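> just coords:
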């Protein structure tokens, strides 16, 4: 029975990483004073399913490690352990460690054993600290067996034999046993007699039955409560346990445990459990081998996306309507007469509408909520603020705003950078904040919202704000600007995007090297977006990132140069002007410039750099100058005419061809011809050559 | 690249071992006759106006929209240094697809005078390209075959598809 488990690995990894994220978020949300039981439950469940999964797939190291975490979490869940900050920190560290382990396994690399052992040790220290207070349910079997019960205690003897379909009803015996263990000292004895042959075994059925001896003073009602849910799905008898029986029970427990190969009752009672335990010697080597062979074949970089079924349903509806419209149109076309013209027009407009809707909903499938990016920040802020001794609260707004998957992936690094900057440079030390009569705890807000066809992401802090004078002095000092340069507010703030600019007084490992902000801006611009800073000294800074919703469609302005059509990204256009002779100046060796209000802008002749022989306008006064902004470089693009605005679908030139300087891609116009999309920074570079 | 193409070629050879024949699509440029492996031919179209690409060699005519894909068009006459012929609706564009690269191969259209025939060539009769030194570039020519007493120059599609700079771009 060699089922190729490898095919499920990818899913397991995805789910595990999701689980780790859940755990992380949960741990960060834990409020020391007032712990929400549901929160711990969530964390516990995530840990539990990682453990179950890794066990099933034979990643024993992961399963072992998670087991320790789970034990700790279990105690917290049952309220047997106080939730302390150190414990949470250890758990957070373990989450990281687990993530590394999983990544290593996924990449077929060796797990960093030293680190794993280190964290495991920490976890165990954390665990054992409280073990003296109360024996955990897990150890109770061994512990109870070792030392006989001291005093005659009343207890209960429960014979519990669930029906085969118990697991399918969603009940988990282990849960119930844990519950029981909270009542008193629990001893469990498993009866494996009911387990059928391997070949007849249905992994989803439960063939085990248990004898549960529980010692403690409590009424039968409490036991009834626990088994309340499964009453109809099992045979249950509850008897009072006398001293003698109790001891016998213990002994019986020992006996039955020995042959069943360390069958600890605490092992997660996954549906696959009977198979695992009873047959482990047979299946283990097999599955290990499978793992090694098949892991090689797993495509590591296969990228997948989880789509809401609702979105797919909409899509199917849409396609259905499209098909109807199409058949209607073909009916009209079959015997076309002039009086059917209205019908035809109708059909065409329907077709247009449906196509547009279809396009939108297909785009929608690629959309992911921005929370995919945001979710990592609570951790980042938590870690960094404690490192920097600052008190910072992170507020996330608009996490459900949806963005294209590619944007989400590429956005995460720049955002991390911005948030780190806000933490390090923006928000002041608590003492300084109090001195400035601000609340001691600083706030960093991450907000995402839609505006027009763009998504805007703001990183806001209520820190000290940017000091314009200081920025300017620093820039002069570093030789980035001239001493007598007159800068507008906006230009001053833009200084921080220049390479080599840093205002941090000393370097920290958080920030201050002066690389980064320029990279951030470049990344954002490569996504077709831009970045804006507003700041008030003493009140805080807001950095807003504007991004197109999707990278596949672009709002473009089509222009004409001679017979040729080009598309300029609409976002890059500032304005277009008719230049007059008196605006034009010639600079020796540098070509032409023109004066636009107070600025002198270089002129880039499109027909010149693209060698268009058919260009109508060769004199600057005859054509149009479009003022464009490419990565902070403004210039005037000299063209024949503006044609119209339209949304264009971006097609890659490189797929069959190669990259062309000054061109970022191509698109297909309504008449089927190809138009090139201009890459403004590339054009500027080209014109400088 | 060449290794891969050789691999593929040997694979193809194995497939055709029984008859030991390879099929080529032959076309003419002026008085010369060329052939390309039929498996690399995607379709044959007539000439249609292209969108010019700025600042590229003159033989790269531009790009066209081929059912949603942007496909470059290369004039083989220009590429091989033959005299230029004006384009008419009868001018033929052979759309070639490289098979050497894994996954989706690159697609390119080549402008030729006319397509003549599909010829079966016995592998054994293919001669290697003669060496003219530096005088005549034979880098695209895989071999020579004679069909009905005429010489057909067999082109290496993969080398043909590799436009200049392409390699640099790939490496960087």
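Yep, it's here. Keep in mind it's a predicted model, so treat the numbers as computed, not measured. Residues are numbered from 1 along each chain as shown, chains lettered A, B, ... in the order given.
> which stretches of chain B form strands?
In chain B, the strands defined using DSSP state E lie at B:21-29, B:32-37, B:41-46, B:60-66, B:69-75, B:92-97, B:107-112, B:114-122, B:141-147, B:150-155.
> try the stretch 151-300 of chain A
Ranges of strands in the stretch 151-300 of chain A, per DSSP state E, counting those that start in this stretch, are A:155-162, A:185-191, A:209-215, A:234-241.
> The ones you listed into TSV, with extra columns for mean neighbour count and mean pLDDT?
Backbone N, C-alpha and C define where each C-beta goes, glycine included. As requested, the strands of the stretch 151-300 of chain A are exported to TSV (neighbours: other Cβ atoms under 10 Å in any protein chain shown; pLDDT from 0 to 100):
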stretch	mean neighbour count	mean pLDDT
strand A:155-162	21	78
strand A:185-191	21	78
strand A:209-215	22	78
strand A:234-241	14	74
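> Now do the same contact list for residue 63.
As the question left the chain open, I've gone with chain A. A:51, A:54-55 (Cβ atoms under 8 Å, 6 or more residues apart in numbering or on different chains).
> please go with chain B instead
The neighbours of residue B:63, taking Cβ under 8 Å, 6+ apart as the test, are A:653, A:657, A:666, A:674, B:50-51, B:53, B:70-73.
> For chain B, find the nearest of the strands of the stretch 151-300 of chain A.
Among the strands of the stretch 151-300 of chain A, the nearest to chain B by Cβ to the nearest Cβ is strand A:155-162 (52.2 Å).
> wait, which of the contacts of residue B:63 is closest to residue B:91?
Of all the contacts of residue B:63, residue B:91 sits closest to residue B:73, with 10.7 Å by Cβ to Cβ.
> that older thread, looking at the strands of chain B, which is buried most?
Of the strands of chain B, the one with the most neighbours on average (mean count of other Cβ atoms under 10 Å in any protein chain shown) is strand B:107-112, at a mean of 24.
> With distance to chain B added, can I get the strands of the stretch 151-300 of chain A in CSV?
Compiled in CSV, the strands of the stretch 151-300 of chain A are given as follows (distance: least, Cβ to the nearest Cβ, whole Å):
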stretch, distance to chain B
strand A:155-162, 52
strand A:185-191, 53
strand A:209-215, 55
strand A:234-241, 56
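> Now render those strands as JSON lines, adding distance to residue A:682.
Below are the strands of the stretch 151-300 of chain A laid out as JSON lines (distance: least, Cβ to Cβ, whole Å):
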{"stretch": "strand A:155-162", "distance to residue A:682": "69"}
{"stretch": "strand A:185-191", "distance to residue A:682": "71"}
{"stretch": "strand A:209-215", "distance to residue A:682": "72"}
{"stretch": "strand A:234-241", "distance to residue A:682": "72"}
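> looking at chain B, which helix or strand does the model trust least?
Averaged element by element with mean pLDDT, DSSP states H and E, chain B has its least confident helix or strand at helix B:166-171 (a mean of 39).
> who's in contact with stretch A:666-675?
For stretch A:666-675, contacts defined as Cβ under 8 Å, 6+ apart pick out A:554, A:556, A:558, A:565-567, A:648-653, A:676-677, B:49-51, B:62-65, B:68, B:70.
> and the end-to-end length of it?
End-to-end distance for stretch A:666-675: 6 Å, by Cα to Cα, to the nearest Å.
> Near chain A, which residues of chain B are found?
Applying Cβ under 8 Å from any Cβ of the partner chain, we find that chain B lies next to chain A at B:49-56, B:62-65, B:68-72, B:104, B:106-108, B:163, B:165-166, B:169.
> returning to what we had before: go through the contacts of residue A:63 and say which is closest to chain B.
Among the contacts of residue A:63, residue A:54 lies closest to chain B (Cβ to the nearest Cβ), at 33.0 Å.
> Need the mean per-residue confidence for the helix or strand hosting that closest one.
Per DSSP states H and E, residue A:54 falls inside helix A:37-56. Throughout helix A:37-56, pLDDT has a mean value of 80.
> The next helix or strand after it relative to helix A:37-56, how many degrees between them?
Towards the C-terminus, the helix or strand next in line after helix A:37-56, according to DSSP H and E, is helix A:60-77. Counting by axes from the mean of the first three to the mean of the last three Cα atoms, to 10 degrees, helix A:60-77 lies at 160 degrees to helix A:37-56.
> any idea of the mean pLDDT in the next helix or strand after helix A:60-77?
As assigned by DSSP H and E, the chain's next helix or strand after helix A:60-77 is helix A:85-106. Confidence for helix A:85-106, expressed as mean pLDDT, is 83.
> Nothing else from me, thank you.
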